[in-house]
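**Q** predicted structure and sequence below. I'll ask about it afterward.
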Amino acid sequence: MVKELRLFSRRQLMATASLAASTAAAASFGIAYASPLRSTPGQILGPFWPTQAKPDLSGDLTRVPGSTGRAMGQVLHVSGRVLNRDGMPVPNAKLDIWQANSFGRYRHPSDRNPAPLDPNFNGFAELASDADGSYRFVTIKPSSYPVDANIIRPAHIHFDVTGRLNRLVTQMYFEGDPYNASDRWLQSATRPEALIVRPQLPTPDFEPDSRIVTFDIVLIDG
Ligand SMILES: [Fe+2]
């Protein structure tokens with residue numbers, strides 16, 4: 001995604017002089033231009049939308065109010081930008097995020113997984129993108145979980161993103177998950193690779209055993 005953005009920036013600089021004239025000409029002839037970025041593929045909402053929970057508004061899902069403990073699992077610092085296909089930031093987009101805990105269990109009455117709940121993890125947050133479209137939150141890496149006796153879903157985090165013009169419901173997955181290749185939902189995406197992130201080792205300003213995840217989200221028009 002970063003590479004795509006850099007390409008766009010260079011192309012944008014080189015083409016700025018002729019863009020206005022050519023766009024006007026294209027409009028008059030009904031010619032459609034390809035956008036420099038491709039929109040992030042959508043995914044199903046799933047059955048565990050947290051209907052009965054209050055979202056965390058702090059951006060730190062690893063802690064819950066009233067407890068000094070911290071959620072169990074691999075801490076992730078997730079950030080990215082909400083953009084439109086022209087690479088322009090989408091400020092003040094609303095992002096709802098929900099996920100299973102490190103045992104693969106959602107805090108949801110419909111989740112029949114016998115895996116334990118984590119008292120320090122609710123797995124539901126509401127965020128807003130900044131003026132430059134950026135967002136960030138801290139969470140733990142969810143576990144894969146069984147859908148039935150024969151199907152296991154790979155680890156993923158759900159996103160419901162509402163911009164000014166578009167809403168996108170999708171899921172973010174993790175590179176190397178053994179269940180990615182067989183997951184019917186991930187593999188049904190137009191570009192599954194656009195939904196898979198590679199956690200990186202932390203920079204010195206983060207906990208040494210945490211990981212950094214970057215996930216840009218491209219809405220059609222913003
Ligand atoms: Fe899920």
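**A** Yep, it's here.

**Q** buried residues, the longest strand belonging to the chain. List them.
**A** For the chain, the strand with the greatest residue count under DSSP state E is strand 75-84. Neighbour-count burial for strand 75-84, counted by 16 or more other Cβ atoms under 10 Å, picks out 75-78, 80-84. For every residue, glycine as well, the C-beta is placed using N, CA and C.

**Q** ok, so of these, who is nearest Glu193?
**A** Gly80 (15.7 Å; Cβ to Cβ).

**Q** partners of the closest one in the sheet?
**A** In this entry, Gly80 is beta-bridged to Tyr135, by DSSP bridges.

**Q** list the contacts for it?
**A** Residues in contact with Gly80 (Cβ atoms under 8 Å, 6 or more residues apart in numbering) are 134-136, 214-217.

**Q** related to what we said a few turns ago, adding distance to Asp56 and pLDDT, write the buried residues of strand 75-84 out as CSV.
**A** Shown next, in CSV, are the buried residues of strand 75-84 (distance: Cβ to Cβ, whole Å; pLDDT from 0 to 100):
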residue, distance to Asp56, pLDDT
Val75, 15, 98
Leu76, 15, 98
His77, 15, 98
Val78, 13, 98
Gly80, 18, 98
Arg81, 21, 98
Val82, 19, 98
Leu83, 24, 98
Asn84, 27, 98
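
**Q** nearest to Asp96 among these?
**A** Nearest member of the buried residues of strand 75-84 to Asp96, counting by Cβ to Cβ, is Val82, at 12.8 Å.

**Q** give the contact list for the closest one.
**A** Residues counted as contacts of Val82 (Cβ under 8 Å, 6+ apart) are 89-90, 93, 95, 129, 133-135, 161, 163, 216-217, 219.

**Q** which PyMOL command selects the buried ones in these?
**A** PyMOL command restricting these to the buried ones, with burial defined by 16+ other Cβ under 10 Å:
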select buried, resi 89+90+93+95+129+133+135+161+163+216+217+219
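
**Q** what does Ala128 show for phi and psi?
**A** phi -130, psi 140 (degrees, to the nearest 10).

**Q** just to check, it is in contact with Val90?
**A** No. The pair Ala128 / Val90 is not scored as a contact, 10.6 Å apart, by Cβ atoms under 8 Å.

**Q** follow-up on the earlier one: and the contacts of Val82 as TSV, adding distance to Ala181, pLDDT and secondary structure?
**A** Compiled in TSV, the contacts of Val82 are given as follows (distance: Cβ to Cβ, whole Å; pLDDT from 0 to 100; DSSP: H, G, I helix; E, B strand; the rest coil):
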residue	distance to Ala181	pLDDT	secondary structure
Pro89	33	98	strand
Val90	32	98	coil
Ala93	31	98	coil
Leu95	28	98	strand
Ser129	32	98	coil
Gly133	31	98	coil
Ser134	31	98	strand
Tyr135	29	98	strand
Val161	26	98	strand
Gly163	31	98	coil
Asp216	23	98	coil
Ile217	23	98	strand
Leu219	28	98	strand
